[in-house]
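Peer 1: Pasting the sequence and the predicted coordinates here, then a few questions.
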Amino acid sequence: MLPIQLFRQNKELVLEGLKKRNFKETELVDQIIAIDEKRRQLQVENDNLAASINAASKNIGQLMAQGKKDEAEAIKAEVASHKEQTKELAAKLAEMEQEQYDLIIRLPNIPHSSVPFGKTPEDNEVVRQAGTRPDLSAQKLPHWELTEKYNLINFELGTKLTGSGFPVYIGQGAKLQRALISYFLNYNIDAGYMEIYPPYMVNEDSARGTGQLPDKEGQMYHAVADNYYLIPTAEVPVTNVYRDEIVKESDLPIKMTAYTPCFRREAGSYGKDVRGLNRLHQFDKVEIVQLIQPEKSYEALEGMVSHVEKLLQSLELEYRILRLCGGDMGFTSALTYDFEVYSAAQERWLEVSSTSNFENFQTNRLKARYKDANGKTNLLHSLNGSSLALPRIVACLLENHQTLDGIRIPKALQAYFGAEMIK
RNA sequence: GGUGAGGUGGGUGAGAGGCCGAAACCAACAGUUUGCUAAACUGUCGUACGGGUCAAACCGUACCGAGGGUUCGAAUCCCUCCCUCACCGCCA
């Protein structure tokens, strides 16, 4: 949610940002500004009225203490009429606040100046591409055949136990998951991230805090009896750690990492996108989150990007980094880098990480703030990224490193996996 | 699941219709003292919205778990809901 001050101070910036996103309802901006002015007017009126009521009440108390009952009664009558007015005003004010909120919440974040113009994924800018494409002339099996061949994952069993999109990892397949999770977490911890092991369900306040509610409830699994939501990403519980908190500047940056399974309903997905490990209802992911001063957040974002990039390199996979265009960026992001890995048998790029700076769009709603050197309270900037999402990494590891003798495990992972090959 | 107690500022905790945005203590921050550390002392020390200002100072309003009610006036009384803690039961 954009801070209201932004509209008063820099309307042009908002309009330009919306244009870059191809966001059509630009009239919302003027509506918001108009309501804001009216709202403030009303507040001044209402506050003044309340002030006179308060003063009168105090007066009554003193008069009663002095035994001047008649005078007190006279003032009481006066207060009664003021109260009528303030009741009306307060109701109008609340209505207006709600109206303003409803409008403002519909606006997406303002893209960073480096975000390219564009409407579709084709307009995303390839920042870097690196790694080598393996020679699969000897054998080119897609991962869903490799998982069967080596008995790593049983998709049908998952369907029996739960439903489609809930694979069962078996034997070396299960061990590979555990190895990747440990490797990713340790890698992040070494870079100064604090490991968090959060709940896998959150309450409504948390879901609201990171913006899953009110709009995206269809994306989450909901435990109705207790009104808890299964997390669609670790970002939800981890970012909410700092909901309604004010931290000292000396505590910044706050860097957290967490492994969690992620639960997504993914209603409406179909076809090759959901084949094998490409899209699941439950998957594993290791997330990194940072909270930092506004002036340092883009430096931090670049740091996170190179952090994730090195991790991908260590897995010996071909990857590319995209700077998402205005039309393809998530609603809450100001700048997003997507990481894609080349799936050599499917011959397509798969997204394995999305790393974004949300500036104060998230923290405004979360009320995650810090106190600066002058004692002033400001909103933090929040950033997060995957490092990494497991299923597609697994898919690419299997496909890209397949040989006739088995699947080669990258060096960096061997100590965690305990073998050099899957046979 | 049963029974009981309770939700007050960063923490502990007092307040029981007006003198309360809230004592005291602790923590934190700044300073004085000091060879260093410690101690001692002094001061500062909630948030939001709005007004005001170049910026401050300052002023108003709201907030004592949430929502409603009683009253001229509510942290304090009443109602509803939520949550936490303790003990018992069950259980990984």
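Peer 2: That came through, no problem. Residues are numbered from 1 along each chain as shown, chains lettered A, B, ... in the order given.

Peer 1: From what I see, residue A:379 and residue A:368 are in contact.
Peer 2: Yes - contact criterion CB atoms under 8 Å: residue A:379 and residue A:368 qualify, at 7.1 Å. For every residue, glycine as well, the C-beta is placed using N, CA and C.

Peer 1: So for those two, which sits in the more crowded spot?
Peer 2: Applying other CB atoms under 10 Å to residue A:379 and residue A:368 shows that residue A:368 carries more neighbours, namely 25 against 19.

Peer 1: just to revisit the earlier point, list the residues that contact both of residue A:379 and residue A:368?
Peer 2: In terms of CB atoms under 8 Å, 6 or more residues apart in numbering, residue A:379 and residue A:368 are not both contacted by any residue.

Peer 1: and whichever residue of the stretch 151-300 of chain A sits closest to RNA strand B, bridged to which residues?
Peer 2: Nearest residue of the stretch 151-300 of chain A to RNA strand B: residue A:246, at 5.8 Å (CB to the nearest atom of the strand). With DSSP bridges applied, residue A:246 shows beta-bridge pairing to residue A:369.

Peer 1: In contact with it, which residues?
Peer 2: A:369-371, A:377.

Peer 1: quick one: which of the residues you listed is nearest RNA strand B?
Peer 2: Looking across the contacts of residue A:246 and measuring by CB to the nearest atom of the strand, the closest to RNA strand B is residue A:377, at 4.2 Å.

Peer 1: can you tell me which residues contact that closest one?
Peer 2: Residue A:377 neighbours (CB under 8 Å, 6+ apart): A:246, A:369-371.

Peer 1: Any idea what residue A:168 is bridged to?
Peer 2: In beta-bridge terms (that is, DSSP bridges), residue A:168 pairs with residue A:154.

Peer 1: immediately after the worst-scoring helix or strand of chain A on mean pLDDT, which helix or strand?
Peer 2: Within chain A, no helix or strand scores below helix A:69-104, which has a mean of 85 by mean pLDDT, DSSP states H and E. Note on helix A:69-104: by DSSP states H and E, the next helix or strand toward the C-terminus is strand A:125-130.

Peer 1: Parallel or antiparallel, which strands does that following strand pair with?
Peer 2: By DSSP bridges, strand A:125-130 pairs with strand A:319-323 (antiparallel).

Peer 1: what pLDDT, on average, does the partner strand get?
Peer 2: In this model, strand A:319-323 has an average pLDDT of 97.

Peer 1: ok, residues contacting that strand?
Peer 2: By CB under 8 Å, 6+ apart, strand A:319-323 touches A:114-116, A:124-131, A:305, A:309, A:312-313, A:335-342, A:349, A:352.

Peer 1: ok, now with 10 Å
Peer 2: Contact with strand A:319-323 is made by A:112, A:114-116, A:121, A:124-131, A:305-306, A:308-309, A:311-313, A:328-329, A:335-342, A:349-355, A:396, as judged by CB atoms under 10 Å, 6 or more residues apart in numbering.

Peer 1: Stretch A:62-82 now?
Peer 2: Against stretch A:62-82 from outside (CB under 10 Å, 6+ apart): A:49-50, A:52-57, A:59-61, A:86.

Peer 1: Show me which of those are buried.
Peer 2: By neighbour count, with 16 or more other CB atoms under 10 Å, those hold A:49, A:53, A:56, A:60, A:86 as buried.

Peer 1: Check the gap between the residue lying closest to the first one once chain neighbours are set aside and residue A:44 for me.
Peer 2: Closest residue to residue A:49 in three dimensions, ignoring its sequence neighbours and counting by CB to CB, 6 or more residues apart in numbering: residue A:86, at 4.8 Å. Here residue A:86 is placed at a distance of 13 Å from residue A:44 (CB to CB, to the nearest Å).

Peer 1: average pLDDT across stretch A:347-362?
Peer 2: Rounded mean pLDDT across stretch A:347-362 is 95.

Peer 1: still on that earlier bit, my guess is the residue nearest to residue A:49 contacts residue A:53. True?
Peer 2: Yes - between residue A:86 and residue A:53 there is a contact at 6.7 Å, judged by CB atoms under 10 Å.

Peer 1: re the thing from before, I'd like to know which of the contacts of stretch A:62-82 are part of helices.
Peer 2: The helices, defined by DSSP state H, take in A:49-50, A:52-57, A:59-61, A:86 from the contacts of stretch A:62-82.

Peer 1: for the stretch 101-250 of chain A, what spans make up the strands?
Peer 2: A:125-130, A:153-154, A:168-169, A:194-196, A:201-202, A:222-223, A:228-230, A:246-248 (DSSP state E, counting those that start in this stretch).

Peer 1: Could you list the residues in contact with the third one?
Peer 2: Going back to what we said before, that points to strand A:168-169. A:147, A:152-162, A:174-178, A:284, A:390, A:394.

Peer 1: In ChimeraX, how would I select just the buried ones from the residues you listed?
Peer 2: For the buried members of these, the matching ChimeraX selection, counting by 16+ other CB under 10 Å, is:
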select /A:147,152,153,154,155,158,175,176,177,284,390,394
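
Peer 1: Out of the contacts of strand A:168-169, list just those in helices.
Peer 2: A:147, A:155-161, A:174-178, A:390, A:394.

Peer 1: and residue A:210, how many neighbours?
Peer 2: By other CB under 10 Å, neighbour count at residue A:210 equals 25.

Peer 1: State the pLDDT value of it.
Peer 2: As summarised for this prediction, residue A:210 has a pLDDT of 89.

Peer 1: Next, find the distance separating it from residue A:232.
Peer 2: 9 Å.

Peer 1: Would you mind listing the residues touching both of those two?
Peer 2: residue A:202.

Peer 1: beta partners of residue A:319?
Peer 2: residue A:130, residue A:341.

Peer 1: What count of nearby residues applies to it?
Peer 2: 23.

Peer 1: of all the buried ones among the contacts of stretch A:62-82, which comes closest to RNA strand B?
Peer 2: residue A:60 (3.4 Å).
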